[in-house]
Each structure stands twice: as C-alpha cells, then as structure tokens.
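1. A structural model of the following input is requested.
(4 chains)
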There are 2 protein chains.
Amino acid sequence: MLSDSDLRDLLRTHDLRATQSRLAVLRILHGQPSPSSHPDVTEALASNGWDRSTLYRNLTDMAAAGILRRVDLGDRVWRYELANASTQHSGNDHPHFLCTACGDVSCLEKVDVTIGGSVPAAVNLGHVAIQLRGLCDACTEA
Amino acid sequence: MLSDSDLRDLLRTHDLRATQSRLAVLRILHGQPSPSSHPDVTEALASNGWDRSTLYRNLTDMAAAGILRRVDLGDRVWRYELANASTQHSGNDHPHFLCTACGDVSCLEKVDVTIGGSVPAAVNLGHVAIQLRGLCDACTEA
DNA sequence: GTTCCAGTTGCAACAATGATGCATTTGCAA
DNA sequence: TTGCAAATGCATCATTGTTGCAACTGGAAC
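-> Presented below is the predicted three-dimensional model:
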C-alpha cells in the first residue's frame, strides 16, 4: 500500500505538483484490480466536487508523465492504471475479457494464439493486445 | 450484385418499407468489403441530404429486422454489414485485427486460442469475438 | 513566514457518436 | 385515389473526449 507521502513523491519525481485531486485519483487507481475509465474516476470522486475536466487532465497528464498507463480495452472508453502496477496487471501483456452485457472487464491468463494465413508482423511478434468479448458467466445465467 | 428490386423485396419481406434512404444505405453497404459505421454511411450519402438520425434509424431498424448485422470491432463505433454478406465476412466468426495507428480493420483467419486458468464459460464454448490490436505492417514501416 | 508565478483548476464550450420525442410527410395497401 | 401507420426531419439530449481562458494555488525562493 502506497502512503500519501509515497504518492506525493511519485508526482514530484515526475515534475507534477502534488495536488489534492491528483492524489485522490491515484488513491482510487491504487489497488484497483482492473484499469479505471475517466467516467469511473469521476463517479468515484463525485462527492469531492472536482470538475470532470480536472480529473480528465489529471489522468492524461499523469499518463503523459509516465505515472499512469493508458489502455484501450475496446469498450469505447480510455482506461488508466498505475504504470508500476507491478505484477498482476500489466496493461496489454495478457488478454482481457469484456462482457458485452454488463461491461465488466476481467483479465485472462496468457493465451496461445495460433493464426493461419498471412497476418501483420506485429501479431507474430506478440506486439498485440488481445481481447475476447462475450457474455460473462453472471450474464449468461441471468 | 443485388438489383434495386432485390433490395426492395429484401426490405418488404422484413416488414420494412422500401424508402429511398434505406435503399441508398443498402446500396452503400452492399459490396463493401468491411462493415461500415453510421458516420461512414452519413458521409457517403452526404450529398443526398438525408438527416443523420434517419440514417441512424435506417441502420438500427434494419439491424433489428435482421437485414443487417451490427458488429463492434472495438474502434468506438458500431459497424453494420449486410446480414447475408455471405462467405467472406461473417461478423464475429473470425478474429479482427485493428491497427491502433491508422484504424484500419482487417480480417484474420480462424485462430486457435488456448487459455489457461479459469475463464468465462463463453470462452470455452467459442462464443466470443476475438480482436487483436497493434500496428499494421504499413504503420510499422512508417 | 511571505511572496511570486508557472502549473492547475473550474467553468464554459465544442466535437463526435448514440439516442429519442414529436409534428409532418410518405409508402403502400385497401 | 385515399387513409393511416410507418418513416422522416428537426430539435434536443446524453456520454466521452477535448480545449481555451481567467482565476487560483503549490511550493520554491527569499
């Protein structure tokens, strides 16, 4: 768990001021199991009264500085996670499963993908983000 | 190549009136190699003066009727193609490759996906759309 | 502790895509 | 030819992303 002081240091070492909204955004993202979107963050911090453009720029600025990683899971929103989100979640290193009903995103373990025919070189190099869409178990049962 | 008469029949057998805008939309989609988005269609028919909400409803209504298939290729827009777009392109039956630089979408041949660990049942049943994102060859070279 | 100013924020506003209500128009069947 | 349900045109709203600009503030210099 990162302390408030750690988060301030994180911001300052990236030449960003340690403002209240940035700290709040980092606290929200820290420990989140999957990347959060701007709407997610806005909703989570709604009671604090910060303007959505402030939170938007908090996210984009921290992503530009390298503190956050911006990922596109294909659900029509940009998502952000701590760039040093060690271990578990590492952006596009593993496939994501997106439920087309509830929108929930989950992480899958590394897959083997075998594709026949001619494909872009990036595919064979593993330089691709893989996403599967379908109904999650909860929505399948519902 | 479907004739104008064929398209009128297609609409009427689905209980939809054969209006000029619907025919125009079908003519645009017919023969298109990959699914077109609402903005694509609006732009293609700009000179005809149809309202974008008319074209929007043309697409959604024909998709609801089963004439069109709506696919989500993950590029933040809904795309539509003729539902009987035989052979080549069949919605989500095969994986798509989306270039994150130029936005171009291409079709890949069927893949084998092997995933370890616990996954949603839909994955093992093959009820998932698979998408790979990365740089296409042209953008890799550029 | 006080001051200062570049970095931030709050607010307004715009763009693109998706979506809907409603009065007017029109396809098409009787 | 006519009547009416279906479809259109127009206005309008929601969501996400984005930017301009005046006011405010973090934090370094003093």
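
2. what pLDDT does the spatially closest residue to residue A:106 that is not a sequence neighbour get?
-> Spatial nearest neighbour of residue A:106, excluding adjacent residues (CB to CB, 6 or more residues apart in numbering or on different chains): residue A:97 at 4.9 Å. (Each C-beta comes from the backbone N, C-alpha and C, glycine too.) Residue A:97 carries a pLDDT value of 80.

3. where does residue A:97 fall, secondary structure wise?
-> Here residue A:97 sits within strand A:96-99, counting by DSSP states H and E.

4. list the buried ones in that strand?
-> By neighbour count with 16 or more other CB atoms under 10 Å in any protein chain shown, strand A:96-99 contains the buried residues A:96, A:97, A:98, A:99.

5. the second one pairs with what?
-> What that stands for is residue A:97. residue A:106, residue A:132 (DSSP bridges).

6. state the distance from it to residue A:33.
-> 13 Å (CB to CB, to the nearest Å).

7. overlap of the contact sets of these two?
-> Residues touching both residue A:97 and residue A:33 (CB atoms under 8 Å, 6 or more residues apart in numbering or on different chains): residue A:107.

8. what about residue A:13, neighbour count?
-> The number of residues packed around residue A:13, counting by other CB atoms under 10 Å in any protein chain shown, is 10.

9. likewise for residue A:3?
-> Neighbours of residue A:3 using other CB under 10 Å come to 8.

10. thinking again about what came up before, export the strand holding residue A:97 to PDB, keeping only CA atoms.
-> Extracted C-alpha coordinates of strand A:96-99, given in PDB (Å, rounded to 0.1, in the frame of the first residue of the first chain):
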ATOM      1  CA  HIS A  96      -8.800  -9.100 -21.400                       C
ATOM      2  CA  PHE A  97     -12.400 -10.400 -21.400                       C
ATOM      3  CA  LEU A  98     -15.100  -7.900 -21.900                       C
ATOM      4  CA  CYS A  99     -18.600  -8.800 -21.100                       C
END
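
11. flag every residue of chain A that's near DNA strand D.
-> Selection of chain A residues close to DNA strand D by CB under 7 Å from any atom of the strand yields A:8, A:11-12, A:17-20, A:37-39, A:52-53, A:56-57, A:60, A:76-78.

12. now list the buried members of those residues.
-> Buried among the residues of chain A next to DNA strand D by 16+ other CB under 10 Å: A:8, A:11, A:37, A:38, A:78.

13. can you pull the contacts of the fourth one?
-> What it means is residue A:38. Contacts of residue A:38 (CB under 8 Å, 6+ apart): A:52, A:55, A:56, A:59, A:77, A:78, A:80.

14. by pLDDT, give me the weakest of those.
-> Within those, lowest confidence goes to residue A:77 (85).

15. what's near enough to touch it?
-> Per CB under 8 Å, 6+ apart, neighbours of residue A:77: A:37, A:38, A:39.

16. what do you get if the cut-off is 10 Å, keeping everything else the same?
-> A:35, A:36, A:37, A:38, A:39, A:40, A:103, B:76 (CB atoms under 10 Å, 6 or more residues apart in numbering or on different chains).

17. excluding its backbone neighbours, what's nearest the most centrally placed residue in chain A?
-> Ranked by distance to the mean C-alpha position of chain A (CA atoms, centre = their mean), the top residue is residue A:35 at 2.5 Å. Spatially, and ignoring its direct neighbours in sequence, residue A:35 is nearest to residue A:79 (3.4 Å; CB to CB, 6+ apart).

18. tell me which helix or strand comes right after the helix or strand bottoming out on mean pLDDT in chain A.
-> Here the helix or strand of chain A ranked lowest by mean pLDDT, DSSP states H and E is strand A:111-115, holding a mean of 66. Per DSSP H and E, the first helix or strand lying C-terminal to strand A:111-115 is helix A:121-124.

19. give the buried residues for that next one.
-> Quick answer for helix A:121-124 (16+ other CB under 10 Å): A:122, A:123.

20. please apply the same query to stretch A:135-142.
-> Those would be A:135, A:136, A:139, for stretch A:135-142 by 16+ other CB under 10 Å.

21. DNA strand C contacts on chain A?
-> Checking chain A against DNA strand C by CB under 7 Å from any atom of the strand, the hits are A:15-17, A:19-22, A:49-51, A:53-54, A:57-58, A:61.

22. again, only using 6 Å
-> A:16, A:17, A:19, A:21, A:22, A:50, A:51, A:53, A:54, A:57, A:58 (CB under 6 Å from any atom of the strand).
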